[in-house]
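Asker: here's my sequence, what's the structure:
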Amino acid sequence: MDLTNVDIVELAKQLRKPDGAVGEEVGRTMAHFNASAVAFTIECLHIQPKDHILEIGFGPGEAIAEAVRLTPRGYVAGIDHSPVMLEMAKQRNHRALMQEHVELTLGDAQELPYADDSFDTVFAVNVFHFWPDPTRELVECRRVLKPGGRIAFYLTHPSSWLPGIRDTGVFTSREADDVEKILLAAGFTNIETRATKTEPDGKGFVVMGKR
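Answerer: Sure thing, here's the model as predicted:
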């Protein structure tokens, strides 16, 4: 399927929540487009072998697979609101699921189905710009993080978005300092940003903090 023939508003909605045959193709495209973003985010997190990790909006499951690889004595969880992405991620992480090393859940970041103080790290790749007002999501992230736990959000810089995406109303455009202020207001500390520029994906940045 050629995504260039998909209406830009429909494509933006599919990027937010992939669905149906178009959603499956979007998922495959995500796996390719987000590869360098996933690698950069994982590098920033300094994941340890015993860590408990949560990814919000895991998409096709590539970052989940890498987190599993890095936590042989830990645990990885993921939540996504797209049934299509859940199935793709399950296929990608079948062995880890069978070994109960990972748990993938269909759900919403505004109501995370995890106990307080459960995770050493919570992260998301190209999800934050789908949250117009991330107050509730960040309250939940902070709740499930252990004291001293890390949070990290990777965002592709708006200058590298597809032409017309900004005008769809689906994405919220934010600079790194905007995200820093939002995390600080949500009660996170030790806020820092690391920026990257990798071709052909364009510019992006990770904003990190601690509970």
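
Asker: give me the distance between the spatially most central residue of the chain and A37.
Answerer: Geometric centre of the chain, nearest residue: A124, 2.3 Å, by C-alpha atoms, centre = their mean. Distance, A124 to A37, by C-beta to C-beta, to the nearest Å: 11 Å. From N, CA and C alone the C-beta is placed, and that goes for glycine too.

Asker: same check, this time on L15
Answerer: Taking C-beta to C-beta, one finds L15 at 14 Å from A37.

Asker: and if you look at G57?
Answerer: For G57, the distance to A37 (C-beta to C-beta) stands at 12 Å.

Asker: shared neighbours, those two?
Answerer: Each of 125-126 lies in contact with both G57 and A37 under the rule C-beta atoms under 8 Å, 6 or more residues apart in numbering.

Asker: any residues touching the lowest-mean-pLDDT helix or strand in the chain, and which ones?
Answerer: Lowest mean confidence among the helices and strands of the chain (mean pLDDT, DSSP states H and E): strand 189-198, at a mean of 89. With contacts defined as C-beta under 8 Å, 6+ apart, strand 189-198 is touched by 36, 40, 44, 176-177, 179-180, 183-184, 203-211.

Asker: and the helices in the chain?
Answerer: 8-16, 20-33, 35-45, 62-70, 83-92, 94-98, 135-144, 176-185 (DSSP state H).

Asker: what's the closest of those to T105?
Answerer: For the helices of the chain, the distance to T105 is smallest for helix 83-92, at 8.0 Å, taking C-beta to C-beta.

Asker: what angle do that closest one and helix 20-33 make?
Answerer: 50 degrees (axes from the mean of the first three to the mean of the last three C-alpha atoms, to 10 degrees).

Asker: can you give the distance of helix 83-92 from its chain's centre?
Answerer: 15 Å (C-alpha atoms, centre = their mean, to the nearest Å).

Asker: just checking, what packs against that helix?
Answerer: Secondary-structure packing of helix 83-92 (3 or more C-beta pairs under 8 Å, 6 or more residues apart in numbering; DSSP states H and E): helix 20-33, helix 62-70, strand 75-80, strand 102-106.

Asker: tabulate the ones you listed in CSV, adding columns for distance to E137, mean neighbour count and mean pLDDT.
Answerer: Shown next, in CSV, are the helices and strands packed on helix 83-92 (distance: least, C-beta to C-beta, whole Å; neighbours: other C-beta atoms under 10 Å; pLDDT from 0 to 100):
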stretch, distance to E137, mean neighbour count, mean pLDDT
helix 20-33, 20, 17, 91
helix 62-70, 18, 22, 97
strand 75-80, 11, 24, 98
strand 102-106, 15, 18, 98
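
Asker: now those in JSON lines, with distance to F119?
Answerer: Below are the helices and strands packed on helix 83-92 laid out as JSON lines (distance: least, C-beta to C-beta, whole Å):
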{"stretch": "helix 20-33", "distance to F119": "23"}
{"stretch": "helix 62-70", "distance to F119": "11"}
{"stretch": "strand 75-80", "distance to F119": "7"}
{"stretch": "strand 102-106", "distance to F119": "12"}
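
Asker: thanks again, I'm all set now.
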